[in-house]
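Peer 1: sequence and predicted structure, then a few things I'm wondering about:
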Amino acid sequence: MYCKFCGKQIADESRFCPYCGKPLEANGSADNANGSYTGNPYSGNTYQNRYQAPPPYCGPAVEPPPSAGWGVLCFFFPIVGLILYLVWHDTYPLRAKMCGKGALISVIVYVAVIVFWLIIAIIMIAVGTTAALSYSAMLSFL
């Protein structure tokens, strides 16, 4: 069955339309001055706008201030920092910037440590080779 007021499909045994709240019987009469009907569960403030879609989500009105905790987390886990930066760069730009900085600083420190250890290894090899040469020259002298 269809409501004769709004045209929506409703159950056959319905006395009132759940969408518009109007009585489906031919002799439905208003009981009081505001036009509500007796026994209508869909009238009044309780069910008003019950079947409307919620408003679209527009995001937070104000972004919360960025926390240094995000930078520290992303420093120790740079891949997490990269992912959070990519996820948040439109919705939370300050927080995304903090995560990106933490990840970038982590990568820079990691590369600097690797370069430092390579220099130390090269120096150790060079010193070790000269020490070995001088030791073998000393043995040949004896």
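Peer 2: Okay, I see it.

Peer 1: where does pLDDT dip in this protein?
Peer 2: 26-62, 129-142 (pLDDT under 70).

Peer 1: what ranges does it have for its helices?
Peer 2: 68-76, 78-88, 93-141 (DSSP state H).

Peer 1: switch the ones you listed over to CSV; also include distance to Pro18 and mean neighbour count.
Peer 2: Heads up, the C-betas are built off the backbone N, CA and C, glycines and all. Shown next, in CSV, are those (distance: least, Cβ to Cβ, whole Å; neighbours: other Cβ atoms under 10 Å):
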stretch, distance to Pro18, mean neighbour count
helix 68-76, 47, 16
helix 78-88, 40, 17
helix 93-141, 44, 13
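
Peer 1: can you check which of the ones you listed gets nearest to Phe5?
Peer 2: The closest of those to Phe5 is helix 78-88. By Cβ to Cβ, the value is 46.9 Å.

Peer 1: what are the contacting residues of that closest one?
Peer 2: 70, 73-75, 95-97, 99-100, 102-104, 106-107, 110 (Cβ atoms under 8 Å, 6 or more residues apart in numbering).

Peer 1: right, and the helices of the chain - which one's nearest Lys4?
Peer 2: Taking Cβ to Cβ, helix 78-88 is the member of these nearest to Lys4, at 50.3 Å.

Peer 1: re the thing from before, out of the helices of the chain, nearest to Cys6?
Peer 2: Taking Cβ to Cβ, helix 78-88 is the member of these nearest to Cys6, at 42.2 Å.
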